[in-house]
Structure formats: structure tokens, C-alpha cells
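*Asks:* Structure of the sequence below:
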Amino acid sequence: MGSESMVSVKTKLLVALLVLQLCYAGTHIVSRVALNIGVSKVVYPVYRNLIALFLLGPTAYFLEKKERPPLTFSLLVRITANQGFYLLGLYYASPTFASAMQNSVPAITFVMASALRLEKVDISRRYGMAKVLGTIASIGGATIIILYKDLLLFYIIIYIPNLEIPWKKT
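*Replies:* Numbering: from 1, shown residues only. Down below sits the predicted model:
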């Protein structure tokens, strides 16, 4: 009976993780569509933050009133600037690139923390090996996703000589 409830909890966590990743992908796509139809890169983060404030603000205020840190103007500016830089990058890249980079942020953070000796990595333990393998898989997967599109374009440019491509030098 106990193992059934554990499987159920694990299944719920997996489904929640998949739904969250789908929501992130949807956010990247919606953001790119908004940029393509002409929404300003400066105005979009403001709208996004206002919607989040009205939807999540009351819940956060009443449920986490005693636990949350103070909401300062400096914090709001940093959050908005972060989203502005994300949208600027998304404008010049693709939603696939943005999603791959977002999913590799924890792995890059782990590599930086390990290099600065802020994170202790014990490869002889199971969790240490899992951290290292997960980091390699995350960064490797993001690299493959990003390079796949570029290699396909490289193949098209090199091996199809009569193809009209605006940026191709003739």
C-alpha cells in the first residue's frame, strides 16, 4: 500500500514537471509571436509583470505575508531588466534556443559554483555522480538542440548551390 502512494506521488511530480516545461515552452512561443507582431521589447515585460502582479500578488500577500522578503523598487527594476534582456535575446534568436538556454541555466550555475569551490562535488558518492552526469546531459542536450538547426542550415548553404538565400554570398 505504501509503495502505491509513493508511485502516485512520483507520477504526480513527473506530470507537474512536464506541465511546467510545456508552460515554459508556451511562454517562449507566445513571447516570440508578440515580438513578431510588433509589441515593443520595453512594453512587453511591463505588461507581463502587471499581469503577474494582479494574478499572483494577492495570493502571495495573504499566504506568504510573514515569509517573503520586502518588495523594493530595486528588485522590480532588476526583474524587469532581466525579462527585457530575455526578450531582446529572443528577438534575435528562436524559441528553441531560448528554451535550451533556460533549461541549461542550472547546469551552468553548477559548473560555475564548482569552479569557484562554492559547490562540493564528491564523485565517489551517488548524488555527486548524478550532478556531474546531469550537468553533462543538460549542456550536451542544449548544445545538440542549438547546433542541429545551424548544421542543417550549413548543409543547405554548402550542398545546394542554386538555392536562393538572402545572406548567402555568391
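*Asks:* got the contact list for the helix or strand encompassing residue 110?
*Replies:* For residue 110, the enclosing helix or strand under DSSP states H and E is helix 95-115. By CB atoms under 8 Å, 6 or more residues apart in numbering, the residues outside helix 95-115 that reach it are 21, 24-25, 28-29, 31-32, 86, 89-90, 119, 121, 131, 134-135, 138-139, 141-142, 145-146, 149. Any C-beta I mention is one placed from the backbone N, CA and C, and that applies to glycine too.
*Asks:* Generate a PyMOL selection restricted to the buried entries among these.
*Replies:* Burial among the contacts of helix 95-115 is assessed by 16 or more other CB atoms under 10 Å; the matching PyMOL selection reads:
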select buried, resi 25+28+29+31+32+86+90+131+135+138+139+142+145+146
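*Asks:* In strands, which of the contacts of helix 95-115 appear?
*Replies:* Judged by DSSP state E, the contacts of helix 95-115 include no members of strands.
*Asks:* Where do the helices of this protein begin and end?
*Replies:* Taking DSSP state H as the criterion, the chain carries its helices at 2-36, 43-63, 73-92, 95-115, 126-159.
*Asks:* Could the C-alpha coordinates of the fourth one be exported in CSV?
*Replies:* Listed in CSV are the C-alpha atoms of helix 95-115, where the atom choice follows Å, rounded to 0.1, in the frame of the first residue of the first chain:
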residue,chain,number,x,y,z
PRO,A,95,12.1,30.0,-29.0
THR,A,96,14.1,26.7,-29.3
PHE,A,97,17.3,28.5,-28.4
ALA,A,98,15.7,30.3,-25.5
SER,A,99,14.2,27.1,-24.2
ALA,A,100,17.5,25.2,-24.5
MET,A,101,19.4,28.1,-22.7
GLN,A,102,16.8,28.4,-20.0
ASN,A,103,17.0,24.7,-19.2
SER,A,104,20.8,24.7,-19.1
VAL,A,105,21.0,27.6,-16.6
PRO,A,106,21.1,25.3,-13.5
ALA,A,107,23.8,23.3,-15.1
ILE,A,108,25.9,26.4,-15.9
THR,A,109,25.3,27.6,-12.4
PHE,A,110,26.6,24.3,-11.0
VAL,A,111,29.7,24.4,-13.2
MET,A,112,30.4,28.0,-12.1
ALA,A,113,29.8,27.1,-8.4
SER,A,114,32.1,24.1,-8.7
ALA,A,115,34.8,26.1,-10.4
